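K.L.:
Quick one: sequence plus predicted model below, questions after.
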Amino acid sequence: MKPKTLIAWSSGKDSAWAFHQARLSGEFEIVGALTTITGNFDRVSMHGVRRDVLDAQLKAAGLPLVPVTIPFPCPNEIYEARMGEAVKTAHTAGVTKIIFGDLFLEDIRAYREEKLRGTGIEPVFPLWKIPTDKLAQEMIAGGLKARVVTLDPKKIPRELAGAWFDEKLLAALPGGVDPCAENGEFHTCVLGGPMFEKDLEAKTGEVTERDGFVFADLTLA
């Protein structure tokens, strides 16, 4: 039997591509998407993606949502407690693995491994150490469609908020910026690709700045 597995779903390109690669491998029974949602706003944490867009993504991917609801602001102890509860519930339901879209940050991987140690659930990293310039090109060539929904204006131009993740965007990134934004330069929302049964129709709305980040609001068309 294939191990029951969750995908840590951020709504962005890396988690979507990790899901796609894991599904292609045929090694896992992927039974749900573990997503952190900020309850105050009913949006995906960090990315700021609306709940109805998230729901549309998961419907297109054929994944039930496993929500982890946190407040804003959220002290780390509350985040870890809520995530711990979700992991315990998942393990009780037979889940033994969680897939993450992490690329190369050793401290992030070590943190995930530490927090899952002893829970009966093992972390899986399908994209680990793939060169990010190669990975970005692979995603684009593979049909992934995503827009930039959050960016750090200290690292990339604010005008890129709402831009498509494509060759034009990669060419516009300043030198030293990771093509897949693994250092937090920007976050994306996936609207189409081989992991979806059909593409989503969405448009970019208001662009705002708060807490030092620029957000492009996506709404379903």
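P.N.:
That came through fine.

K.L.:
all helices of this structure, in order?
P.N.:
Along the chain, counting by DSSP state H, helices occupy 13-25, 51-61, 76-92, 106-116, 132-141, 167-172.

K.L.:
Would you tell me which of those gets closest to Gly184?
P.N.:
Among those, the nearest to Gly184 by CB to CB is helix 106-116 (10.6 Å). For every residue, glycine as well, the C-beta is placed using N, CA and C.

K.L.:
Show me which of the helices of the chain has the highest average neighbour count.
P.N.:
Of all the helices of the chain, helix 13-25 carries the top mean neighbour count, a mean of 22, counting by mean count of other CB atoms under 10 Å.

K.L.:
so which of the helices of the chain gets nearest Ile99?
P.N.:
Minimum separation from Ile99 across the helices of the chain (CB to CB) falls at helix 13-25, 5.1 Å.

K.L.:
quick check: angle from the closest one to helix 51-61?
P.N.:
Relative orientation of helix 13-25 versus helix 51-61 (axes from the mean of the first three to the mean of the last three CA atoms, to 10 degrees): 20 degrees.

K.L.:
just checking, what packs against helix 13-25?
P.N.:
Applying 3 or more CB pairs under 8 Å, 6 or more residues apart in numbering; DSSP states H and E, one finds that helix 13-25 contacts strand 4-8, strand 29-38, helix 51-61, strand 95-99, helix 132-141, strand 186-192.

K.L.:
burial of Lys198, as a residue count?
P.N.:
Residues near Lys198, counting by other CB atoms under 10 Å, number 9.

K.L.:
Tell me how the chain divides into domains.
P.N.:
The record's domain parsing of the chain by automatic domain parsing lists 4-124, 134-220.
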